[in-house]
Structure formats: structure tokens, C-alpha cells
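Peer 1: Quick one: sequence plus predicted model below, questions after.
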Amino acid sequence: MLRKPDPLSDTQMTVSMGPQHPSTHGVLRLELVLDGETVIRAIPDIGYLHTGIEKTMEKEKWQQVVTVTCRMDYLNSSGNDLGYVLAVEKLMGIEVPKRVQDIRVLLTELNRITSHLVWFGTHAMDIGAMTAFFYAFTQREKGLDLFECVSGARLHQSYFVVGGVRWDLPPNFIDLMTDFLDGFPAFLDECKRLVTGNKIFQRRTKGVGVITKEAAIDWALSGPTIRGSGVNWDIRKTEPYSGYDTYDFNVPVYHDGDVWSRYLVRMDEMEESWKICKQAVERLREPGPYMADHPKLKLPERDLMKKHIDVMIHHFLLASEGFTVPVGEVYQSIESARGEIGFYVVSDGGERPYRVRVRAPSYVNLSALPAMVEGSLIADVVAVIGSIDIVLGDVDR
Amino acid sequence: MADETEIKSSTPRYADASLVQARFASAIEEITEALGEVTVIAKREGLVELMTFLRDEPSLRFNYLSDIGGLDLGEFATPRFAVAYQLYSIEHNHRLRVKVFVDEDDAVLPTMWGVWKTSNWLEREIFDMFGVSFDGHPDLRRILMPADYEGHPLRKDFPIKGY
């Protein structure tokens, strides 16, 4: 459905940007009505990556859904898994051990760093700073190696499960994590020297794609995108989950509402995530439980299974049928790398979710794109898309 | 420079809805509380007034619409659909859920476009996935499925594979 330009105008034309455009970070298509180089209207066209994940969740068992949640926002899969498992744990009324909370915080923050590194590399590349991309991806690869060490997968970890984590941390993980964290500040400084002080980068981002504080709230932006508009709101602080209130970190906020502010917020956030990771690693040096001791969730001990038939049956039923969740509904939101990811989970008491509604931060942030780019130049559209850091898997689900 | 003022930390909490109950007695069916979450079950008539009040009342100030989620209760249920609005107040740091039920043969709700801008795409998604339409919406088209698609994928009678 290509919109026709104003027929009376001989200067306007409609350009279709994407879905195969390198700066759209996936398969986003934008219909741009242009007057010369000025954008008159921008209409995002999405759905190219729609895979019906919310529908798929209704046919998976409660514990299996984590294999789908991480495939939505594939750059920040730990965050998605965490939101879902917290929602189900709230429905079941389960408290997880302190150590599980720390493992979850550690991996979620590591994932926030790797996700922001992809944003940093691609955002700088969109604007023309090619080199930063290679630095960012080299470092990100080291982070992904850590995920592989923990879960066996680099991107789709599915490591968090309802009631805990899938298995304990590998014995060498803490050392590898410490190595990664020790090298990170020097790397981040290098990135800042490479891009932040760059005059061309500043010219391309300062005052571009401005959205005011009031408009940002009205459009329900979240995450670094709203904190770049001067709204001091981070769910990790305001509605702490998974023990975030026991960690010492700051929430970076900048007030100009432009691409540059959002850039600074994310760069500072990587440093804060690094601080949280440092604290979490120190807490995880001692061994401990990795799963809540709950008969519905924890598989019975191997020794007991061999001796008692009822334990064997319990194991068989748990592994084949799964568990049930009491009737109810909850809305659990957490701060992912992109903003508020919310899970509205409805249970009918069965062994599968009746409905899982996902409030995807990229989807809502992208809906405000026209408000940010209309009236600006076409080259700035690329900068603005980079600055709201969408993941199309999260937009389309 | 970075603003590092400390925010008051608290657990997730839901707003006290008694104020709305007294004021909008005719527009509200009931108020329920479960698992610490408060749900206002509202009627379609007077929904916009209720939402505007929730947004503007100084002690509530729900200026942030987190989400609108659709729910199909099954093809034999009357009313068939529920739409749940998750409200949040950045100022007061509290939440509230407003839920509205609609019948299948009259699946129309008023749009929230005039109250929160973000409802635009969220309502389009529900229109696309459930076939609930929104009266007064500025641009009610399918959003995730192709424009010429038939059927509404998140309805319970829509098969998971082989449609």
C-alpha cells in the first residue's frame, strides 16, 4: 500500500526504504514521503518477521516457553527469559534462592552489555564510522563465548527456567567472567575515544530526532530511549525484581532527547552494567543451589529414583507432562536492554499457558519513529533508527 | 551531564482504586485484587471518561500506558474477548489494570488515541490479531499480518498450523 504523494506537488515523491536496507537492522520498511531531502511523512511497515510467537507459546508447556521467548529479542535473550520466568514464578508463588537471583542478574547484565555493543557498532557504522563496528563485535564475541560456556548457546541461551536456572554454572565460569570484566573498562574507554569525541559523529547526532519529555511519556517510550529525554525511570530501580535493589548502580539520564543523548545513555549504561556484573561475580564465588526446592520444578535425585517407584513416576510425569500453574493472571515487566518488556500471562490452571501477551519495547519505541523524523532530513532517519535500537524480532514477534 | 539522583526504591505496587469506584460506579463492574495486582473491570460505555480521569487525577496520574493486551476466552464464551490495559504512573510509581469485555458480534471498543498516543499501534495489533475494532482510531489497518490476510491468528479457533 504505497501512499501517493500530493498530486498537486511536483516536488514530492514517495520512497520505500527497506525492507532490505542495511540501516534498518533487519526487515523494517519505511515509506517516506519526501520533499527534496526533507521527510514529510514516515510510515513504518512491519510484520516481515512475524512468526506468531505469542501463538506458539500457547501450545508449549510452561517450561518449554523459554525456548521461544529468547527468540523474540535475539540480542537480549536473557532479559526476555527473565521476564517470562518471573511472571510464571509470581503466578505459582515461588521464591527462588538468592544465588539464582544473582546468576540471573549477572547474565542479564552481561547480555545488556553484548546487546549494547551490537547497537554501538551498527549505530556508528550507519553514521559512517566503520571501524567501531569491528571493535564492538570483537568484544561482543568474548561475551558470547561466556554465554556458550554457561548454556551451550551463544544467542538463544534458554538458560533461565521457571524456578531457577537450567544447571549450575560451569566451574571455570567465574574465572572467565572475571577476565572479561577486567578487560572491559579499557575497551570501553577505547570505544569512547574512537566515537564519542568524533566531531563528525557529534554533528550527525546532536539535535537530531528530538523527542520531548512529555511526548516520550505519551508515546510510552522506555529504556535508554526515554532516559535520553530526561525521564529518570528504570524498572530495575523503581520496581526492583530479582534482587536488583541489593546492587549499587546508577541510572544515567540525559535531557536533550536527541540521538546524541540516547547515545550517551547507552554508553554510560554499559559501565553501570559492568559495575553490577562485578558485584554479582563476587557473590557467586560460593557454591549453592541453582534451583528452587519445589516438587513441581526440581527433578528428583537420581539415587532416590532408582530406589522408589513413586519417585520414578514423579520424575516421568514431570519430564513428560510438565507441571500446572494455578489459575490467574499477572503482568510482570522488567528492564531489558531496549526498555520495558512486559509479560501478561494468563493461566487456566493447565499445563500450558492460556495466553502470553508480550509488551515488546522495540514495538512501542518504533511506533514513535514518525514523531521523531518527520520534518528532518532523510540521512537523519538512519541515525534515528539506530538510536532507538530496535530489534525486528522483538517488533514483529 | 548524567543525572544521578537517587530514585525511591520500592516493590511493584498497585494503586488504590477506591477513588474510581465511588466516582465511576456506573462505568465499573467490579474491582478485583489477586497476587497483589488490582484489576478494574470496566464497561465499554464511559471507558474514555474513566481513562481520562485515571490519567489526569493528581493522586493517580496514570500518564504511561504500558500495554494493551487482547485475550480470547474461546468461541463458546460470552462475552468472548477481553482487552486489558496495563497502566503505569511514572510520577507515583504505581500500576493498575483496566479490563473490558466485548462480545464477538459487537467487538468494538472506543479508541484511546486521544488519551495516550501509544495506543495507536497497540490497538492496531489487537485489531489484527483478534478482530476487535476500535471506534475513532485514526489509522485502523492490519499491522503484523499482510493487508489482504483473512482471519485473526490469536483467536482460539485459529489453528496453530495448517490454516
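Peer 2: Cool, got the structure.
Peer 1: shouldn't A:Met291 be in contact with A:Val162?
Peer 2: No. Contact between A:Met291 and A:Val162 fails when scored by C-beta atoms under 8 Å: they sit 9.8 Å apart. The way it works is simple: take the backbone N, C-alpha and C, and place the C-beta from them, glycine included.
Peer 1: Quickly list what's touching both of these two.
Peer 2: A:Leu297 (C-beta atoms under 8 Å, 6 or more residues apart in numbering or on different chains).
Peer 1: and the most centrally placed residue in chain B, backbone torsions?
Peer 2: Centroid-nearest residue in chain B, with C-alpha atoms, centre = their mean: B:Tyr85, separated by 2.0 Å. Backbone torsions for B:Tyr85, taken as degrees, to the nearest 10, come to phi -100, psi 120.
Peer 1: Who are the contact partners of it?
Peer 2: B:Tyr85 neighbours (C-beta under 8 Å, 6+ apart): B:Met51, B:Leu65, B:Asp67, B:Ile68, B:Arg97, B:Val98, B:Lys99, B:Val100, B:Met112.
Peer 1: if we go to 10 Å?
Peer 2: By C-beta atoms under 10 Å, 6 or more residues apart in numbering or on different chains, B:Tyr85 lies in contact with B:40, B:42, B:47, B:51, B:54, B:62, B:65-69, B:96-100, B:112, B:115-116, B:119, B:122.
Peer 1: partners of it in the sheet?
Peer 2: Per DSSP bridges, the residues bridged to B:Tyr85 are B:Ile68, B:Val98.
Peer 1: which stretches of chain B form helices?
Peer 2: With helices called from DSSP state H, chain B shows them at B:18-23, B:47-56, B:119-130.
Peer 1: Nearest spatial neighbour of B:Phe62, chain-adjacent residues omitted?
Peer 2: Closest residue to B:Phe62 apart from its sequence neighbours, by C-beta to C-beta, 6 or more residues apart in numbering or on different chains: B:Leu87 at 4.0 Å.
Peer 1: does that neighbour really touch B:Ser66, like I thought?
Peer 2: Yes. Contact criterion C-beta atoms under 10 Å: B:Leu87 and B:Ser66 qualify, at 6.9 Å.
Peer 1: Please enumerate the shared neighbours of those two.
Peer 2: Counting by C-beta under 10 Å, 6+ apart, the common neighbours of B:Leu87 and B:Ser66 are B:Arg95, B:Arg97, B:Trp116.
Peer 1: if we look at chain A, which of the residues you listed are close to it?
Peer 2: B:Arg95, B:Arg97, B:Trp116 (C-beta under 10 Å from any C-beta of the partner chain).
Peer 1: okay, these in CSV with pLDDT next?
Peer 2: Formatted as CSV, those follow (pLDDT from 0 to 100):
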residue, pLDDT
B:Arg95, 90
B:Arg97, 91
B:Trp116, 91
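Peer 1: Reformat the residues you listed as TSV; add neighbour count.
Peer 2: What follows is these, written out as TSV (neighbours: other C-beta atoms under 10 Å in any protein chain shown):
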residue	neighbour count
B:Arg95	22
B:Arg97	23
B:Trp116	23
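Peer 1: Report how many residues lie close to A:Asp175.
Peer 2: Neighbours of A:Asp175 under the rule other C-beta atoms under 10 Å in any protein chain shown: 10.
Peer 1: So what's the gap between the one helix or strand it maps to and the chain middle?
Peer 2: Using DSSP states H and E, A:Asp175 falls within helix A:173-191. Distance of helix A:173-191 from its chain centroid, counting by C-alpha atoms, centre = their mean, to the nearest Å, is 21 Å.
Peer 1: which other helices and strands contact it?
Peer 2: Packing partners of helix A:173-191 (3 or more C-beta pairs under 10 Å, 6 or more residues apart in numbering or on different chains; DSSP states H and E): helix A:98-127, helix A:130-151, helix A:259-283.
Peer 1: Make a markdown table out of those helices and add distance to B:Asp135.
Peer 2: A markdown table is the format used below for the helices and strands packed on helix A:173-191 (distance: least, C-beta to C-beta, whole Å):
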| stretch | distance to B:Asp135 |
| --- | --- |
| helix A:98-127 | 39 |
| helix A:130-151 | 47 |
| helix A:259-283 | 35 |
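Peer 1: any low-confidence regions in chain B?
Peer 2: Chain B contains residues with pLDDT under 70 at B:1-12, B:162-163.
Peer 1: Would you map the strands across chain B?
Peer 2: Along chain B, the stretches classed as strands by DSSP state E are B:28-34, B:37-42, B:64-72, B:81-89, B:94-102, B:108-110, B:133-135.
Peer 1: could I get those as a markdown table with distance to A:Leu194?
Peer 2: Output for those, formatted as a markdown table (distance: least, C-beta to C-beta, whole Å):
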| stretch | distance to A:Leu194 |
| --- | --- |
| strand B:28-34 | 52 |
| strand B:37-42 | 46 |
| strand B:64-72 | 36 |
| strand B:81-89 | 38 |
| strand B:94-102 | 41 |
| strand B:108-110 | 50 |
| strand B:133-135 | 47 |
